[in-house]
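Engineer: Just to be clear, the model below is a prediction. Sequence and coordinates:
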Amino acid sequence: MANKVRIIGGTWRSRLLHFDDAPGLRPTPARVRETLFNWLQYDVAGSRCLDLFAGSGALGFEAASRGAREVVQVEGDAKACKNLRANAAALGGDKTRIIESEADRFLAGRPEAFDLVFLDPPFAKNLALKTCLLLEQNGWLSAQALIYVETEVDLELTGLPDNWQLLKHKTAGEVAYRLFARTP
């Protein structure tokens, strides 16, 4: 299933997301998404979600499918944004807002508080820590937000905000994924 990702749960379960190749685009694998959304099973419904570095949109559309109140997908690649918009239209995704912007430029704007953030930056660009700090410093997180961070397996995330607590951590192949809880 090249350039296709299947939504694994919720109202859009089994629906396909289509996307074009783009540099650094690697959709979160189904088994990782399944684990992540098992971790989040009681936290997605009714939440405001931010999907930074949205790429294929797999994480954001999965959250919308599972009852998120609103999902904002931020992506810097114009072709990827076109695909995100097409997928949102095909799904009838009125809860999804797509913003074409680099993540750091978006996070420099007027903040909105999000309950759940998906952060899956391109590998080998050292964007994870910088983006985590911008989320906290610029006021993008609700008081008890959950933050999912996906990185290459050998990247150590040191220097994160002091009020972030690691809840869960796993690896799958070359991917490390972590779930943090923010405390006020």
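Structural biologist: That came through, no problem. Numbers count the residues shown, from 1 in each chain.
Engineer: can you pull out the helices in this structure?
Structural biologist: In the chain, the helices defined using DSSP state H lie at 30-39, 58-65, 78-91, 103-107, 128-137.
Engineer: ranking those by burial, who's on top?
Structural biologist: helix 58-65 (a mean of 28; mean count of other C-beta atoms under 10 Å). C-beta coordinates here come from the backbone N, C-alpha and C atoms, glycine included.
Engineer: okay, the angle between that helix and helix 30-39?
Structural biologist: Computed with axes from the mean of the first three to the mean of the last three C-alpha atoms, to 10 degrees, the direction of helix 58-65 lies at 40 degrees from that of helix 30-39.
Engineer: and helix 58-65, what does it pack onto?
Structural biologist: Judged by 3 or more C-beta pairs under 8 Å, 6 or more residues apart in numbering; DSSP states H and E, helix 58-65 is in contact with helix 30-39, strand 48-52, strand 70-75, helix 78-91, strand 96-100, strand 114-119.
Engineer: Looking at these, which is nearest to residue 171?
Structural biologist: Shortest distance between residue 171 and the helices and strands packed on helix 58-65, using C-beta to C-beta, is found for helix 30-39: 9.6 Å.
Engineer: contacts for the closest one?
Structural biologist: 5-6, 8-9, 28, 44, 58-59, 62, 66, 148, 150, 167-168, 170, 172, 175, 177, 179 (C-beta atoms under 8 Å, 6 or more residues apart in numbering).
Engineer: Just the buried residues of the residues you listed.
Structural biologist: For these, a burial check counting by 16 or more other C-beta atoms under 10 Å picks out 5, 8-9, 28, 44, 58-59, 62, 66, 148, 150, 168, 175, 177, 179.
Engineer: Report the central residue of the protein.
Structural biologist: In the chain, the residue lying closest to the centroid (C-alpha atoms, centre = their mean) is residue 118, at 2.6 Å.
Engineer: What distance do you get for residue 98 to residue 129?
Structural biologist: 26 Å (C-beta to C-beta, to the nearest Å).
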